[in-house]
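**Q** Any chance you could fold what I've pasted below:
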Amino acid sequence: LDAVSYGLICQELERGDSALRSFVSVQSSLCMYPIFAYGNEEQRRRWLPGMAAGELIGCFGLTEAEGGSDPAAMRTRARRVGGDWVLDGAKLWITNGSIADLAVVWAQTEEGVRGFVVERGTPGFSTQDIGQKMSLRASVTSALFFDGVRVPDAQCLPGALGLKGPLGCLTQARYGISWGAIGAAVACLREALDYAGQRQLFGRPLAANQAVQVRLAEMARRITTAQVLALQLGQLKNAGRLQPTQVSLAKWNNCRMALDVARDCRDLLGAAGISLAHAAIRHALNLESVITYEGTQTIHQLVVGRELTGLNAF
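**A** Next comes the predicted model:
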């Protein structure tokens, strides 16, 4: 499966709901990718076949309460005890947390940040779901707790040391998100077109008004531009030339685009736009999460700004 094909799958999944694509991003980019890229052959054989078959579900433990945008400030610690590692700490806002069979967890060690695979049922490892969400309601979001969790050295990913490990995973996930957000925007435009064509106002279809057609055309322009950007990223990724800054630009641009389109669609639907009988408000609320996770809009702006100026502002 090449990068463009994967991107199109993400687009169509998120056309249904952002939670569906989020599940795939976590499973593939944030869990399977680090085991494949940073793990050894024994680890790959142990976990990847079951994950690829959907028999094992993964989650990705990086974000903490004290530092979402600053992973270097993580407080989760791992210390060596004999031939094992002992983890203490907590992770927050973790997709798939309580339903995962395994967690790829990032923790500070004496040598730097390392990744560990922690399996469900390991003593001291527990989860708690986060409720009362207005966004990604079709997705399980949890907190992870590690209280003296002992894992063997065989579950430490040997190829990851330092923040490059988790940041490499985030680059993979952001690529899929850049495609996925387009799907949500397409769903909103389709709904706006259907509604405006059927809704009668002042004796004619709402879509017969110039102002409405201009807004619909603007949505189509934004979506098409984002698709061209995502396609270019996919072609660069296929060629092995994709850079993290390019992914940051696309994640920021396409999520911003999708959220703007969803809000415009909701507005065009009038009072009906706040009803769950229509998809616009659900997509808009979901996209509030999508534009925030895997790097906020501001973080990606600063990444692009650093590339342009050569100066680090964060």
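
**Q** which helix is the longest one in this protein?
**A** Using DSSP state H, we find that the single longest helix of the chain is helix 164-198.

**Q** strands paired with the worst-scoring helix or strand of the chain on mean pLDDT, and their directions?
**A** Across the helices and strands of the chain, mean confidence by mean pLDDT, DSSP states H and E is lowest for strand 200-201: a mean of 90. Sheet pairing of strand 200-201 (DSSP bridges) gives strand 204-205 (antiparallel).

**Q** Just the residues contacting the strand it pairs with, thanks.
**A** 196-199 (CB atoms under 8 Å, 6 or more residues apart in numbering). All C-beta atoms are positioned from the backbone trio N, CA, C, and that covers glycine.

**Q** what about the helices in this protein?
**A** According to DSSP H, the helices that the chain contains are 3-16, 18-25, 33-38, 41-52, 164-198, 210-238, 244-268, 280-290, 297-309.

**Q** if we compare those helices, which one ends up closest to Gly89?
**A** For Gly89, the closest of the helices of the chain is helix 164-198, at 14.4 Å, according to CB to CB.

**Q** in that closest one, what's buried?
**A** By neighbour count on 16 or more other CB atoms under 10 Å, the buried set for helix 164-198 is 165-166, 168-189, 191-193, 195-196.

**Q** How far off centre is it?
**A** Relative to its chain's centre, helix 164-198 lies at 10 Å (CA atoms, centre = their mean, to the nearest Å).

**Q** Now do it and helix 3-16, the angle between them.
**A** Computed with axes from the mean of the first three to the mean of the last three CA atoms, to 10 degrees, the direction of helix 164-198 lies at 50 degrees from that of helix 3-16.

**Q** who touches the residue nearest to Arg15 when sequence neighbours are not counted in this structure?
**A** The shortest distance from Arg15 to any non-neighbouring residue, by CB to CB, 6 or more residues apart in numbering, is to Gly183 (3.6 Å). Residues in contact with Gly183 (CB under 8 Å, 6+ apart) are 10-16, 21.

**Q** Which pLDDT value goes with the residue lying closest to Arg120 once chain neighbours are set aside?
**A** In space, and not counting its chain neighbours, Arg120 is closest to Asp101: 5.2 Å by CB to CB, 6+ apart. Here, the pLDDT recorded for Asp101 equals 98.

**Q** Can you report how many residues lie near the nearest residue to Ile9 once chain neighbours are set aside?
**A** The shortest distance from Ile9 to any residue other than its chain neighbours is 7.5 Å, reached at Val24 (CB to CB, 6+ apart). Neighbour count for Val24, taken as other CB atoms under 10 Å: 17.

**Q** how far away is Val24 from Arg256?
**A** 22 Å (CB to CB, to the nearest Å).

**Q** got it, and Leu62?
**A** Applying CB to CB to Leu62 and Arg256 gives a distance of 23 Å.

**Q** more neighbours, those two?
**A** Leu62 (27 against 17).

**Q** Might you report the residue contacts of the more buried one?
**A** Counting by CB under 8 Å, 6+ apart, Leu62 has contacts 71, 74, 91, 106, 166, 170.

**Q** Of these, which is the nearest to Phe146?
**A** Lys91 (8.1 Å).

**Q** Double-check the closest one against Gly61; I have them as touching.
**A** Yes. Lys91 lies in contact with Gly61 (CB atoms under 8 Å); the separation is 4.0 Å.

**Q** Between the two, which has more neighbouring residues?
**A** Gly61 (29 against 25).

**Q** before we move on, the earlier item: report pLDDT for the residue nearest to Ile9.
**A** Reading off the model, Val24 has pLDDT 97.

**Q** so who does it touch?
**A** 9-10, 13, 176.

**Q** go with 10 Å
**A** 6, 9-10, 13-14, 173, 176, 180 (CB atoms under 10 Å, 6 or more residues apart in numbering).

**Q** Please apply the same query to Ala192.
**A** By CB under 10 Å, 6+ apart, the neighbours of Ala192 are 206-207, 212, 215-216, 219, 261-262, 264-269, 273, 278, 280.

**Q** 6 Å instead?
**A** Contact analysis of Ala192 by CB atoms under 6 Å, 6 or more residues apart in numbering lists 265, 268.

**Q** thinking again about what came up before, turn the contacts of Leu62 into a markdown table, columns for distance to Gln235 and pLDDT.
**A** Below are these laid out as a markdown table (distance: CB to CB, whole Å; pLDDT from 0 to 100):
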| residue | distance to Gln235 | pLDDT |
| --- | --- | --- |
| Pro71 | 30 | 88 |
| Met74 | 35 | 92 |
| Lys91 | 35 | 98 |
| Trp106 | 31 | 98 |
| Pro166 | 26 | 96 |
| Leu170 | 21 | 96 |
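
**Q** Double-check Ala187 against Leu13; I have them as touching.
**A** No. Using CB atoms under 6 Å, Ala187 is not in contact with Leu13; the gap is 11.1 Å.
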